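> Need coordinates for the following:
(one chain, ligands or ions: 2)
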Amino acid sequence: MRTQVAIIGAGPAGLLLGALLHRSGIDNVVVEQRSADYVLGRIRAGVLEQVAVDLLDEAGVGARLHAEGLPHDGVNLSFGGQRHRIDLHALTGKRVVVYGQTEVTRDLMDHRRSLGRPTVYEADQVAVHGFDGDKPWVTFVKDAQVQRIDADFIAGCDGFHGVCRASVPAGAITEHEKVYPFGWLGLLADVPPVNHELIYGHTERGFMLASMRSATRSRFYLQCPLTDRVEDWSDDAFYDEFARRLPPDAAARLVRGPALEKSIAPLRSFVAEPLRFGRLFLAGDAGHIVPPTGAKGLNLAASDVGLLSRALAEFYGGSPAGIDTYSQRALARIWKAERFSWWFTQLMHRFPENGSFGERMQQAELAYLVQSESAQQAMAENYVGLPLA
Ligand code: APR
Ligand code: PHB
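Ligands and ions are numbered 1, 2, ... in the order given. The predicted structure follows:
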């Protein structure tokens, strides 16, 4: 098989890149190690920035998102018995759209199928070759046969544990990482949201987040020790703890229902530099991870592939300038989102190892934030997302 761009990974980064390249008339093949159902079974974040919405529109997959997504004009912070609303729209003129990553992925999959663009699911032993020259290729095993795809470029959209970043020679890449000493226990259930907007809570029992997928489906999170096992958290234990961490008015509205999904995710900040190695590019979680507090993971994946698809379109239009600056432009945006996600994570979680001084600094910073219009403005601008470039 031969194509222009071989895309490794059928998560949101890989599928959106494929759709954007298609729009520019660039041929591409997606190679994914899991099945489509497995990919759709992963429950992840659900807040889209305008940049991501625009790119999904540009790719031609925005219809259901506009019909079913929930535009949110604000988010709420709760701490020390107070609740404070950050008016995103008043502060920035922008809003975010609550729409699950699973739905984004499903829309992209349906769209790709309707275009007839090839996706190879359940590809084993995916390997990338020759990207330091100008004729890279990809190999994998499918139905017990070794297959090969020759391409002009390889896009590594294969997530944090993927093969692309791991295939780069150690001396050519620098990795920056911070692992946080706790995880998020998430629960998805068909119950109405406790509030019409998200509530991020800092409590002495730890962080909580009340989010949603629709008017009838909620997504709730609790900060938990990394040693906790999801099997040890019954639904009742989850709801009991969640109710303790919610502000009282929202706790009074909490409706309990059986978990459709429950999982524990570790929190990490990670950036690989650069994001281009000859004819291999990294995009999305393959190149960077943010803790979920700022809801930036999916949005960064979208902005990376927005930049990359434009760069590749310019290349086929006759100019290498875009691919030459992709890494630098994407990383400039990534570091801003890393800073925001790190800051918001530090602000909202409980860090017993930082002692009472650390806790008082968090309280003082929260008090400052809700008193200072400029601090709220800075937070709101970062939350709704910075422009693409
Ligand atoms: N070969 C082929 N595919 C692979 C390989 C491999 N060796 N390794 C991983 N993959 C696939 C995974 O199975 C997954 O479907 O690559 C895909 C990567 O998708 P995601 O992990 O969803 O990453 P990305 O598309 O960058 O999306 C980033 O996902 O993790 C969330 O919060 C994050 O919202 C952000 C978004
Ligand atoms: C979610 O709805 O899953 C979600 C929302 C906001 C976040 C993280 C996760 O910051």
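> For the stretch 1-150 of the chain, which residues are neighbours of ligand 1?
Residues of the stretch 1-150 of the chain found near ligand 1 (C-beta under 6 Å from any ligand atom) are 8-14, 31-34, 39, 44-45, 101, 123, 126. For every residue, glycine as well, the C-beta is placed using N, CA and C.
> rerun that using 5 Å as the cut-off
Contact residues, the stretch 1-150 of the chain versus ligand 1 (C-beta under 5 Å from any ligand atom): 8-9, 11-13, 32-34, 39, 44, 126.
> what's the spacing between the closest residue to Gln50 other than its chain neighbours and Asp54?
Sequence neighbours aside, Lys94 is the residue nearest to Gln50 in space, at 5.4 Å (criterion: C-beta to C-beta, 6 or more residues apart in numbering). Per C-beta to C-beta, to the nearest Å, Lys94 is found 11 Å from Asp54.
> State the pLDDT value of the residue nearest the centre of the chain.
Residue closest to the mean C-alpha point of the chain, counted by C-alpha atoms, centre = their mean, is Gly297 at 2.1 Å. Listed pLDDT for Gly297 reads 97.
> before we move on, what about Glu197?
Note for Glu197: predicted pLDDT of 98.
> Next: the one 10 residues further on.
As predicted, Phe207 sits at a pLDDT of 98.
> Next, it: secondary structure please.
Of the three states, Phe207 takes strand according to DSSP: H, G, I helix; E, B strand; the rest coil.
> where's the residue nearest to Gln50 relative to Gly385, distance?
8 Å.
> Same check on Asp73?
Counting by C-beta to C-beta - Asp73 and Gly385 are separated by 15 Å.
> the more surrounded of the two?
Neighbour totals were compared for Asp73 and Gly385, and Gly385 leads with 28 against 18 (other C-beta atoms under 10 Å).
> list the contacts for the more buried one?
Going by C-beta atoms under 8 Å, 6 or more residues apart in numbering, Gly385 touches 49-52, 94, 96, 296, 299.
> at 6 Å instead, please
Neighbour list for Gly385: 49, 51, 299 [criterion: C-beta atoms under 6 Å, 6 or more residues apart in numbering].
> out of those, which are buried?
Taking 16 or more other C-beta atoms under 10 Å as the criterion, what is buried in the contacts of Gly385 is 49, 51, 299.
> The last one is in contact with Glu49, isn't it?
Which is Asn299. Yes. Using C-beta atoms under 6 Å, Asn299 is in contact with Glu49, at 4.5 Å.
> mind checking the longest helix of the protein?
If you go by DSSP state H, the chain has its longest helix at helix 321-348.
> quick one: low-confidence ranges for the stretch 201-350 of the chain?
For the stretch 201-350 of the chain, no stretch is flagged by pLDDT under 70.
> all helices of it, in order?
In the stretch 201-350 of the chain, the helices defined using DSSP state H, counting those that start in this stretch lie at 235-245, 248-252, 297-316, 321-348.
> And stretch 156-176, what's buried?
Within stretch 156-176, the residues scored as buried using 16+ other C-beta under 10 Å are 156-159, 162-165, 167-168, 173.
> Filter the residues you listed down to the ones in helices?
Taking DSSP H, the ones among the buried residues of stretch 156-176 that sit in helices are 163-165.
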